[in-house]
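J.: Sharing a model prediction with you, sequence too.
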Amino acid sequence: GQNIDQPTEMTATEGAIVQINCTYQTSGFNGLFWYQQHAGEAPTFLSYNVLDGLEEKGRFSSFLSRSKGYSYLLLKELQMKDSASYLCAVRGPGGFKTIFGAGTRLFVKA
Amino acid sequence: SAVISQKPSRDICQRGTSLTIQCQVDSQVTMMFWYRQQPGQSLTLIATANQGSEATYESGFVIDKFPISRPNLTFSTLTVSNMSPEDSSIYLCSAAGTGSNTGELFFGEGSRLTVL
């Protein structure tokens, strides 16, 4: 079966750091993605991990441990515009079929 | 990256009718997918649109209800047939394989359907 778990909601303060966790159990693995989705808009790509370790991209970093079926997205120096849903997604083998978690709604407060 | 255009962007439909959503990509792409996103929920994969052959449907979705076409590498359609209020949702077209080495998905803006 396929299961991707992430917290439903998180709240953080502007300027702070927040970590959004994701655990997954999927039949096959060919990469883990994080997407950002603002209300009423389409998801946009943030990060990609296929090997264990940390990938850094400006204020955003993503970590993967394949043996633990675990990833996190780290957002630094939070800004109000970072208030959005963050979707953890896993791509299966053999193609680009991607399954999404339920998403974590992040609220950034002043 | 790829720019994906969907239409209609929104529609209000009567129960029992069918509606076709069109998806146009500005470049040739390997893979195209259709997702559904119900209010406040995440994305559920409906099917993979295969160029020149029948779509591959996920569990819970069938061709009679959601017929899909993909005549070429830049265009696809999704029809929602015999609609009921439970079909009210946002339908998203996505594409991958646009030259990126990560194969991330690009999404259209979505088609918001309300079924009365």
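T.: All right, it came through fine.

J.: which parts of chain A sit against chain B?
T.: A:31, A:33, A:35, A:41-45, A:48, A:87, A:89, A:91, A:95-103 (Cβ under 8 Å from any Cβ of the partner chain). C-betas here are computed from N, CA, C, even on glycine.

J.: quick one: the strands in chain B?
T.: Under the criterion DSSP state E, chain B contains strands at B:4-7, B:10-13, B:19-25, B:31-37, B:43-49, B:56-57, B:68-72, B:75-80, B:89-96, B:106-107, B:111-115.

J.: Of all the residues in the second one, which ones are buried?
T.: The neighbour-count check on strand B:10-13 (16 or more other Cβ atoms under 10 Å in any protein chain shown) flags residue B:13 as buried.

J.: near chain A at all, that strand?
T.: No - judged by Cβ under 8 Å from any Cβ, strand B:10-13 stays clear of chain A, getting no closer than 11.0 Å.

J.: Equivalent analysis for the fourth one, please.
T.: Yes - using Cβ under 8 Å from any Cβ, a contact is recorded between strand B:31-37 and chain A, made by B:31, B:33, B:35.

J.: nearest to residue B:107, of those?
T.: Of all the residues of strand B:31-37 next to chain A, residue B:35 has the smallest distance to residue B:107: 8.0 Å, by Cβ to Cβ.

J.: what's near enough to touch the closest one?
T.: Going by Cβ atoms under 8 Å, 6 or more residues apart in numbering or on different chains, residue B:35 touches A:100, B:43-46, B:91-94, B:107.

J.: Run a quick neighbour tally on residue 19.
T.: No chain in the question, so chain A it is. Counted with other Cβ atoms under 10 Å in any protein chain shown, residues neighbouring residue A:19 total 13.

J.: um, chain B though
T.: When counting by other Cβ under 10 Å, one arrives at 18 neighbours for residue B:19.

J.: Kindly report the residues of chain B close to chain A.
T.: Within chain B, the positions near chain A by Cβ under 8 Å from any Cβ are B:30-31, B:33, B:35, B:41-45, B:48, B:92, B:96-97, B:102-110.

J.: Appreciated, that's everything.
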